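J.: the amino acid sequence is not available; the structure is as follows:
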């Protein structure tokens, strides 16, 4: 349908006796909303704009809760985090051109972390596409590399089915973001066609049931291991395989390390859990990876922040790799025993195939000895500036066990991941693969809306990271979201400063943020509550007051600007050679 | 908090025991004393795809952004409405070829993809425009390679040749003596030998029926 025809069509006629209700599909945009409703979507994040207006107009009649964000990047991060906590894909909307391009960071972030998300973008009318029309961007072109698949809607009759398919595809198999670009004439065009039940396309059906031979080979390899080690990745969390994975570890008494996205797949206070491995992972996790003779990796893509240098990664281990995405098998680390399938199902099958547990008592003792040898600890004298690690521990102690923690990206993110004890999945919401500064606050908004009312949501952020999306505080205030933001403020892009000191002879080019605003006052200006904390003595009261406040609160912890993140595996280095101080890098 | 310097403990990096094993660039465990890298090889991949706008760009874009080296890429419709076959010549080590196949298989429009055996039937087409000063000799070479003259004038002669890569290479060499003005090669296209399936799940058609692949499950 052309734009000219479309603009003469009133999608919501008020003169007819039968005013459209949420049960009636009258236009492309109502079909889109119907598809969302069919998929069970109850919350969406976005920003209004010219080309997406018809979709918003259709949302006017829907029960779907729409949260207007301050910036589209916030919408995509909020939708991402909503999906991580909720389990179903999060939904975000933006208009064409700058609206769509502002979503891009969040889409790329979701793509790197395999987070299910659906993005809907407005587009200029079909007959103007390619003319460099006002607010036109080739959105499907821009987002093709960072989506599982994207769609350019072509007809009001089929757009509902397309949205249903995109939503289903986002969650199917290995999750990820999908996008539907909606030209205005398609949204406005008339149709009465009800979208069918959304399902992923035939060509994207993953193999969920593992192959018999693969299962058998993996089981034999695990049985004969003397130093077996389980590596739980984000796929264990996103595949809802946590219970099965934990049971497997405890039944066979196999130590567990996780990746950062896999945090919470195993309770971090469990005696078999060695916490997370990688560049800033625990010394004991990295020692275990270095010395294992059988690494059973589940739902991980062997990111370089995990592996360090490929040549020295788990150098003596036979690798059992369970993953639902066949393309991850032997992509970075060769899998000696690949098992393609759903994580939970694969673990069950391997477990059933095993006739004995590996004899690994000495190995388990060795792993526990490493936890004594390389404890996660930090120097915290009374009279020095506040240590950021202490703040994280204090927050963890003051909050319930199953608190949801979001973070930005930087040193604060590492300290949060290191010093918070996570016991359950979907409680650690962070930007892992893309490393997006500014993720924390909008993610906290998304997480808050996905969580139960009685669950606590804390955002651990850095000063520089917080500044990148600080405008979303206005959303938290407007929606009165009970979120506690804890800024570990060292007036630096701290991780950059740490690298400059270690690898650039201390030339701190463009790392300083001495001009940081007074975040407590800024919080108050937004309508939130704010505190500034400079000393150990002030920490407990500020945390208690912020947690007690029913609404968004910001605690600006002024922490030791000289503190660095350790342990550290240098980029491309060997996991087992993590540094404990700068001298060892 | 105590005033004591707690800090991190344990032996320094060099004092820790470290295994002798190592992996090569593809993450494969190797003999610590031996070099073992996979050498690149040329191969042909064939994919059945949904013939929709942008499919070629998705395939080519994926290969480019993942740093796979495509030698040639051809695409054309098949006997099934809405399907097209993409034939891609790549040069990569074995793990790279495996990755290209698996990554392409993940694309929604890719229905099925497979690597062709060495005995596959391969051909490409080339148009050559040479100087027209020696038409008889040009004609002789064209005949020698079973080519056709498409255009001949006092200044230029344009010929068409088809065949496998070696034949085309030889023919191009042979035409060099006349001075090649312009050349356009299509890149290889290929089908599996005999009754073999070109892509996994592809059912070679019997008379009157279209060839249909089943979706990729690799």
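T.: Ah, there it is. Remember, it's a predicted structure, so these values are computed and weren't measured experimentally.
J.: now the longest helix along chain B, how far from the chain's geometric center?
T.: Looking only at chain B and at elements set by DSSP state H, the helix with the highest residue count is helix B:94-106. From the chain centre to the centre of helix B:94-106 is a distance of 11 Å (C-alpha atoms, centre = their mean, to the nearest Å).
J.: ditto for stretch B:160-168
T.: Going by C-alpha atoms, centre = their mean, where stretch B:160-168 is centred and where its chain is centred differ by 17 Å.
J.: again, but for stretch A:281-300
T.: Centroid separation between stretch A:281-300 and its chain, computed with C-alpha atoms, centre = their mean, is 22 Å.
J.: quick check: mean pLDDT of it?
T.: The predicted model assigns stretch A:281-300 a mean pLDDT of 98.
J.: surely residue A:558 touches residue A:531?
T.: No. Taking contacts as C-beta atoms under 8 Å, residue A:558 lies outside contact range of residue A:531: 11.0 Å. In short, each C-beta sits where N, CA and C put it, glycine included.
J.: how about low-confidence regions in the chain?
T.: Reading this off chain A. Residues of chain A that meet the criterion pLDDT under 70 lie in A:1-23.
J.: correction: the question concerned chain B.
T.: Applying pLDDT under 70 to the predicted model, the residue ranges of chain B that meet it are B:1-7, B:33-36, B:203-218.
J.: for it, what spans make up the strands?
T.: Chain-ordered strands for chain B, with DSSP state E as the definition, fall at B:22-23, B:29-30, B:41-50, B:70-77, B:83-92, B:110-115, B:121-131, B:148-152, B:156-163, B:180-185, B:189-191.
J.: any idea which of the ones you listed is most buried?
T.: Highest mean neighbour count of these: strand B:110-115, a mean of 23 (counted as mean count of other C-beta atoms under 10 Å in any protein chain shown).
J.: partner strands of it and their direction?
T.: Sheet pairing of strand B:110-115 (DSSP bridges) gives strand B:41-50 (antiparallel).
J.: would you mark the buried spots in the longest helix of chain B?
T.: Judged by neighbour count (16 or more other C-beta atoms under 10 Å in any protein chain shown), helix B:94-106 contains these buried residues: B:95, B:96, B:97, B:98, B:99, B:100, B:101, B:102, B:103, B:104, B:105, B:106.
J.: who touches it?
T.: Outside helix B:94-106, the residues that touch it by C-beta atoms under 8 Å, 6 or more residues apart in numbering or on different chains are A:148, A:204, A:325-327, A:329-331, A:334, B:26, B:28, B:38, B:40-41, B:43, B:45, B:47, B:59, B:62-63, B:66, B:68, B:88, B:90, B:92, B:110, B:112-115, B:216, B:218.
J.: how does it look with 7 Å?
T.: By C-beta atoms under 7 Å, 6 or more residues apart in numbering or on different chains, the surrounding residues in contact with helix B:94-106 are A:326-327, A:330-331, B:26, B:38, B:43, B:45, B:47, B:59, B:62-63, B:66, B:68, B:90, B:92, B:110, B:113, B:115, B:216, B:218.
J.: cool, stretch A:153-162 as well?
T.: Contacts of stretch A:153-162 (C-beta under 7 Å, 6+ apart): A:1, A:27-28, A:31-32, A:34-35, A:151, A:180-183, A:186, A:189-191, A:193, A:195-196.
J.: repeat that for stretch A:89-100.
T.: Applying C-beta under 7 Å, 6+ apart, the contact partners of stretch A:89-100 are A:36, A:41, A:44-52, A:55, A:72, A:75-76, A:79-80, A:82-83, A:102-103, A:116-124, A:135-137, A:139, A:167, A:170-171, A:446.
J.: same check on stretch A:218-226?
T.: Outside stretch A:218-226, the residues that reach it (C-beta under 7 Å, 6+ apart) are A:228, A:293-294, A:296, A:318, A:320, A:337, A:339, A:350, A:353-356, A:358-360, A:363.
J.: let me see the domain layout of the chain.
T.: No chain was given, so I picked chain A. A:28-188, A:212-373, A:388-566 (the TED database).
J.: wait, chain B was what I had in mind.
T.: Recorded structural domains for chain B (assignment: the TED database) are B:41-116, B:121-190.
J.: of the ones you listed, which is nearest residue A:438?
T.: In terms of C-beta to C-beta, the element of the domains of chain B nearest to residue A:438 is domain B:41-116, at 24.3 Å.
J.: and the residue most central in space within chain B, what does it touch?
T.: For chain B, the residue nearest the mean C-alpha position is residue B:89 (1.6 Å; C-alpha atoms, centre = their mean). When the contact criterion is C-beta under 7 Å, 6+ apart, the partners of residue B:89 are B:42, B:44, B:71, B:72, B:187, B:188.
J.: can you lay out the domains of chain B as CSV showing distance to residue A:467?
T.: CSV is the format used below for these (distance: least, C-beta to C-beta, whole Å):
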stretch, distance to residue A:467
domain B:41-116, 31
domain B:121-190, 51
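J.: just so I know, which of these lies nearest residue A:396?
T.: domain B:41-116 (38.6 Å).
J.: straight-line length of that closest one, end to end?
T.: 13 Å (C-alpha to C-alpha, to the nearest Å).
J.: again, but for stretch B:29-38
T.: From its first residue to its last, stretch B:29-38 covers 13 Å (C-alpha to C-alpha).
J.: over to stretch A:343-361?
T.: The first and last residues of stretch A:343-361 sit 26 Å apart, counting by C-alpha to C-alpha.
J.: picking that back up, residue B:120 versus the residue nearest to the centre of chain B, what's the distance?
T.: Distance from residue B:89 to residue B:120, counting by C-beta to C-beta, to the nearest Å: 11 Å.
J.: what residues do these two have in common as contacts?
T.: When C-beta under 7 Å, 6+ apart defines a contact, the residues bordering residue B:89 and residue B:120 alike are residue B:44.
J.: show me where the stretch 351-500 of chain A has helices.
T.: If you assign secondary structure with DSSP state H, counting those that start in this stretch, the helices in the stretch 351-500 of chain A sit at A:361-373, A:388-398, A:411-419, A:440-450, A:463-468, A:473-478, A:494-503.
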